[in-house]
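A.B. asks: structure for this input, please:
(chains A and B)
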Amino acid sequence: EAGVAQSPRYKIIEKRQSVAFWCNPISGHATLYWYQQILGQGPKLLIQFQNNGVVDDSQLPKDRFSAERLKGVDSTLKIQPAKLEDSAVYLCASSPREGGTGANVLTFGAGSRLTVL
Amino acid sequence: ELKVEQNPLFLSMQEGKNYTIYCNYSTTSDRLYWYRQDPGKSLESLFVLLSNGAVKQEGRLMASLDTKARLSTLHITAAVHDLSATYFCAVDSYYGGSQGNLIFGKGTKLSVKP
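C.D. replies: From the prediction side, this is the model:
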């Protein structure tokens, strides 16, 4: 089974510039997550999709971050304009769970490391 | 709001020794997960604990869940260098029918020295 694909792996930009990250989840996984992991901390959920609908975006800074999941498969996370504090690894994860029952084991991608100068 | 606390945050061990990492969480949940992260790598699922009293073991690692105490432990037996990594616990915020997602602790950075 192919894993969760993310690109780019690394990105360096200056503050106020924009950046976009792409994620292709495991085939058939209904739920897709974007997490932000700042150095030395645990992952923090930014947005959760089920199929192509948003389930939870309560922690997404909507003035600068946006995300979409086209046709319930691939997803893109955009930051515009970037701030210094956005420097982090952006992790995409997917899980097969559609409802609330059962285990919810997330499979993570390798992550996209963003450095904002 | 669900909060997840791990301790210790840093752990330096000698090979061959035993130790326990603790994960406390603040609200009702019966689903807890342990992940491992190597430096510069992504997170890898280690254990899935889905009920009170659940115990899972894999090699030198054993995880348990006490939902009444809202506590999970990850016990390391006879540590070896290969176990050096950061370990995260994550609690499923699903309870009572909500969709749920995983809330992570800050992680425990384990370093095993010869």
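A.B. asks: identify the bridge partners of the residue in chain B that chain A sits nearest to.
C.D. replies: Here the residue of chain B nearest chain A is residue B:104; by Cβ to the nearest Cβ that distance is 3.5 Å. Every residue, glycine included, has its C-beta placed from N, CA and C. Residue B:104 has these beta-bridge partners by DSSP bridges: residue B:90.
A.B. asks: check contacts around it.
C.D. replies: By Cβ atoms under 8 Å, 6 or more residues apart in numbering or on different chains, the residues touching residue B:104 are A:35, A:42, A:43, A:44, B:4, B:35, B:88, B:89, B:90.
A.B. asks: now residue A:22: which helix or strand?
C.D. replies: Assignment of secondary structure by DSSP states H and E places residue A:22 within strand A:19-24.
A.B. asks: who in chain A is up against chain B?
C.D. replies: Applying the criterion Cβ under 8 Å from any Cβ of the partner chain, the portion of chain A that neighbours chain B consists of A:33, A:35, A:40-45, A:48, A:50, A:55-56, A:91, A:99-100, A:103-111.
A.B. asks: need the residues that contact stretch B:32-40.
C.D. replies: Contacts of stretch B:32-40 from elsewhere in the structure, counted by Cβ under 8 Å, 6+ apart, are A:104-106, B:23, B:25, B:43-49, B:63, B:65, B:72, B:74, B:85-92, B:102, B:104, B:107.
A.B. asks: residues of that stretch that come out buried?
C.D. replies: B:32, B:33, B:34, B:35, B:36, B:37 (16 or more other Cβ atoms under 10 Å in any protein chain shown).
A.B. asks: so how far is it from its chain's centroid?
C.D. replies: 8 Å (Cα atoms, centre = their mean, to the nearest Å).
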